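Student: Structure for the following, please:
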Amino acid sequence: MTGTLECWKCGTPISDQPLPVARTAECSACGADLHACRMCEYYDTRVAMNCREPVADQVRDKERANFCGYFAAAPDAYRGRGEEASAARARLEALFGGDAGKAIDDNDKAVSRSEADIAMEQLEQLFGSRKKGDI
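Tutor: Numbering: from 1, shown residues only. So this is what the prediction gives:
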């Protein structure tokens, strides 16, 4: 394992815990359980049961300590919540355009629109506008 272990929840370096990480180990800064799926190198939200280990038992609460025998602490387990949100927003803006949430009113001022209005406009552009009597 390369790199310094960091708490999956707060990102604090974990230097006060012996390796391998004990089942009862907690982060000294935030108190999060460290022997949890979120701290494991097999944790992956893109696969079934969020685990790349095919024979591991299912763990329902990925943020609590568990008895998984396949647990391997991952040094890159911390992913700041703000970073994930901004990365997701950037991908959406790249997909739909940077100004997808803004409209121009009659006075050429930017006004925000609801997601439903934006979605309806995109559907109308794709399929053409629909009148009330059309089916």
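Student: what's around residue 7, how many residues?
Tutor: Residue 7 is flanked by 23 other residues according to other CB atoms under 10 Å. Where C-beta positions appear, they are placed from N, C-alpha and C, glycine not excepted.
Student: In contact with it, which residues?
Tutor: Neighbouring residues of residue 7 by CB atoms under 8 Å, 6 or more residues apart in numbering: 14, 27, 29, 30, 32, 34, 39, 77, 78.
Student: Show me which of the residues you listed are buried.
Tutor: Taking 16 or more other CB atoms under 10 Å as the criterion, what is buried in these is 14, 27, 32, 34, 39, 77, 78.
Student: Take these and lay them out in JSON lines including secondary structure and distance to residue 124.
Tutor: Shown next, in JSON lines, are the buried ones among the contacts of residue 7 (DSSP: H, G, I helix; E, B strand; the rest coil; distance: CB to CB, whole Å):
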{"residue": "14", "secondary structure": "coil", "distance to residue 124": "53"}
{"residue": "27", "secondary structure": "coil", "distance to residue 124": "50"}
{"residue": "32", "secondary structure": "coil", "distance to residue 124": "47"}
{"residue": "34", "secondary structure": "coil", "distance to residue 124": "51"}
{"residue": "39", "secondary structure": "helix", "distance to residue 124": "47"}
{"residue": "77", "secondary structure": "coil", "distance to residue 124": "44"}
{"residue": "78", "secondary structure": "coil", "distance to residue 124": "43"}
